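Peer 1: quick one: sequence and predicted model below, then my questions.
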Amino acid sequence: MRRLRRIKILATLGPASSDSATLRKLFEAGADVFRINMSHTSHDKMRELIATIRHVETSYGRPIGILVDLQGPKLRLGQFKEGSVQLGSGEAFILDSDPTPGDRTRVHLPHPEILTALRPGDALLLDDGKVRLIAEETSPQRAVTRVVIGGKMSDRKGVSLPDTDLPVSAMTPKDRSDLEAAAEAGVDWIALSFVQRPEDVTEAKKLTRGRAALMSKIEKPQAIERLPEIVEVSDALMVARGDLGVELPAERVPGLQKQMTRLARRAGKPVVIATQMLESMIQSPVPTRAEVSDVANAVFEGADAIMLSAESAAGKYPVEAVATMNRIGEEVERDPTYRTVIDAQRPAPETTVGDAIADAARQIAETLDLSSLICWTSSGSTALRLARERPKPPVVAITPNQTTGRKLSLVWGVHCVIAEDAHDQDDMIERAGRIAWRDGFARIGERVIIVAGVPLRIPGTTNMLRVATIDDQSTDAV
């Protein structure tokens, strides 16, 4: 099951893609990581999906990543007497703490933290930005607003606050329960929704206690303002363009996507581009040309992964959507301009031994036209360093830790193999060549470069590289 592309694909599971047969088809079509959205999934269903994925993983013998996406705080209006009202532009409209059903002049806002934090001039976006209000008078009991963009408003519609820093955690009691259940079930990645500040991430990390890696979803303007700090404390980023495009002008999102992709790469943290990538394939067997260009742009930019949401979870063509993403990734990476773009964005190596070794390994592999870069890694840090370089040859990561292999399934260009740890340096070199030959990354007579840390079995000691030739003896025990 060797992939012919470097970028990875996340596929969201749902009603259209929860059974074992469909999961197998999605994996064979190109899915590397499966996403479970806790907005629509119970704990029992989550555990059932995890068990199904692990069964599929066992049958193919290749690590498959599982990402659980927490719902995050959902801010919503109260109810209206008639179920809905029409708000006219220029009219006054009040949001208050009174639970009485609303009318066209007011409605209950069951979130005192919003009323406390709002200031005059702050914008409020209702129903994914379809209706826009501006606060004129604020108090802990009510906010008098002016309707800037009117429209129909009905019960329980969502509220977004692009200008307001809410003094609340990114995690609700439901999120805490979901996180604990996901970590206990052995998922690999947990995505934290509506991150505003680095403290949101550190709070979640205390709860995970190292049982899963943490991905910060960037979908709030407040997160953009503190992005370097958030990247530093996160294990990965997700560019959640849907909510980001609601709270910010849509024309800003493409530029921010590029900035976040490059910032994450400099930090050596995986970055996922998400939301509406092949939206039309929810109903159509083929995407629009604009969607193909959107996916291709993420590949050209060097993102680690691209994600399908409703396309694979509830669409009519989940397998076709994954296959389409797979073809786009392969085609872009064959394009003559792809390597030029990727190389132009390469960050300077950090001043550590591990980063210097990774940079040197990439240069040697490309200068000598070696067939692959092979690394032995326990924690995954060596593979992450090599992936940060975006080398031309493929990266084969060999690890004795299944958890590490599953996490690396998200990382650009890394083909991960679970194998018994090397006994000594000779065993390390011999088995690296054997695995590279077995999995199609090198032929007899070709040379590979091997990166590892010595002494063996000590995480974070990347300090050795070796050029080796694949010979007949290397393949005898395969």
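Peer 2: Nice, thanks for sending it over.
Peer 1: can we go C-alpha only for contacts and neighbour counts from here?
Peer 2: OK.
Peer 1: contact partners for Asp163?
Peer 2: Asp163 makes contacts with 122-123, 221-222, as judged by C-alpha atoms under 8 Å, 6 or more residues apart in numbering.
Peer 1: what's Leu126 in contact with, if anything?
Peer 2: Contacts of Leu126 (C-alpha under 8 Å, 6+ apart): 132-133, 153, 157-160.
Peer 1: which of those residues fall within helices?
Peer 2: Of the positions in the contacts of Leu126, not one sits in helices, assigned by DSSP state H.
Peer 1: dump these to a markdown table, plus pLDDT.
Peer 2: As requested, the contacts of Leu126 are exported to a markdown table (pLDDT from 0 to 100):
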| residue | pLDDT |
| --- | --- |
| Arg132 | 96 |
| Leu133 | 97 |
| Met153 | 96 |
| Lys157 | 95 |
| Gly158 | 93 |
| Val159 | 95 |
| Ser160 | 93 |
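Peer 1: mind giving me the PyMOL command for buried ones among the residues you listed?
Peer 2: This is the PyMOL syntax for the buried subset of these, where burial follows 16 or more other C-alpha atoms under 10 Å:
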select buried, resi 132+133+153+158+159+160
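Peer 1: run through the strands of the stretch 101-250 of the chain in chain order.
Peer 2: Ranges of strands within the stretch 101-250 of the chain are 106-108, 123-126, 131-138, 142-149, 151-154, 159-160, 189-192, 213-218, 236-240, based on DSSP state E, counting those that start in this stretch.
Peer 1: CSV for those strands, including distance to Ala16?
Peer 2: Listed next are the strands of the stretch 101-250 of the chain as CSV, based on distance: least, C-alpha to C-alpha, whole Å:
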stretch, distance to Ala16
strand 106-108, 37
strand 123-126, 30
strand 131-138, 32
strand 142-149, 36
strand 151-154, 29
strand 159-160, 29
strand 189-192, 22
strand 213-218, 24
strand 236-240, 22
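Peer 1: ok so, going back, now the contacts of Asp163: which count as buried?
Peer 2: 122-123, 221-222.
Peer 1: just those now: which is nearest Glu203?
Peer 2: Among those, Gln222 lies closest to Glu203 (C-alpha to C-alpha), at 17.2 Å.
Peer 1: leaving out chain neighbours, which residue sits closest to the closest one?
Peer 2: Take Gln222 and drop its neighbours on the chain: the residue closest to it by C-alpha to C-alpha, 6 or more residues apart in numbering is Gln196, 5.2 Å away.
Peer 1: the one you found and Pro73: what is the separation?
Peer 2: Between Gln196 and Pro73 the distance, using C-alpha to C-alpha, to the nearest Å, works out to 12 Å.
Peer 1: same thing with Val195?
Peer 2: For Val195 relative to Pro73 (C-alpha to C-alpha), the value is 10 Å.
Peer 1: what's the overlap in contacts for the two?
Peer 2: Ala170.
Peer 1: only the buried residues of stretch 33-40, if you could.
Peer 2: For stretch 33-40, by 16+ other C-alpha under 10 Å, it's 33-38.
Peer 1: so which of these belong to strands?
Peer 2: 33-37 (DSSP state E).
Peer 1: turn the contacts of Leu126 into JSON lines, including distance to Gly102.
Peer 2: Shown next, in JSON lines, are the contacts of Leu126 (distance: C-alpha to C-alpha, whole Å):
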{"residue": "Arg132", "distance to Gly102": "18"}
{"residue": "Leu133", "distance to Gly102": "16"}
{"residue": "Met153", "distance to Gly102": "11"}
{"residue": "Lys157", "distance to Gly102": "13"}
{"residue": "Gly158", "distance to Gly102": "15"}
{"residue": "Val159", "distance to Gly102": "16"}
{"residue": "Ser160", "distance to Gly102": "19"}
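Peer 1: can you show me the helices along the stretch 301-450 of the chain?
Peer 2: In the stretch 301-450 of the chain, the helices defined using DSSP state H, counting those that start in this stretch lie at 310-313, 318-334, 338-344, 353-367, 381-388, 402-408, 425-438.
Peer 1: redo those helices as TSV? Include distance to Leu118.
Peer 2: Below are the helices of the stretch 301-450 of the chain laid out as TSV (distance: least, C-alpha to C-alpha, whole Å):
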stretch	distance to Leu118
helix 310-313	33
helix 318-334	42
helix 338-344	43
helix 353-367	45
helix 381-388	41
helix 402-408	40
helix 425-438	58
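Peer 1: just put the ones you listed in a markdown table and tack on distance to Thr12, mean pLDDT and mean neighbour count.
Peer 2: Shown next, in a markdown table, are the helices of the stretch 301-450 of the chain (distance: least, C-alpha to C-alpha, whole Å; pLDDT from 0 to 100; neighbours: other C-alpha atoms under 10 Å):
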| stretch | distance to Thr12 | mean pLDDT | mean neighbour count |
| --- | --- | --- | --- |
| helix 310-313 | 5 | 97 | 26 |
| helix 318-334 | 9 | 98 | 21 |
| helix 338-344 | 27 | 96 | 14 |
| helix 353-367 | 33 | 94 | 19 |
| helix 381-388 | 24 | 95 | 26 |
| helix 402-408 | 16 | 97 | 23 |
| helix 425-438 | 31 | 92 | 20 |
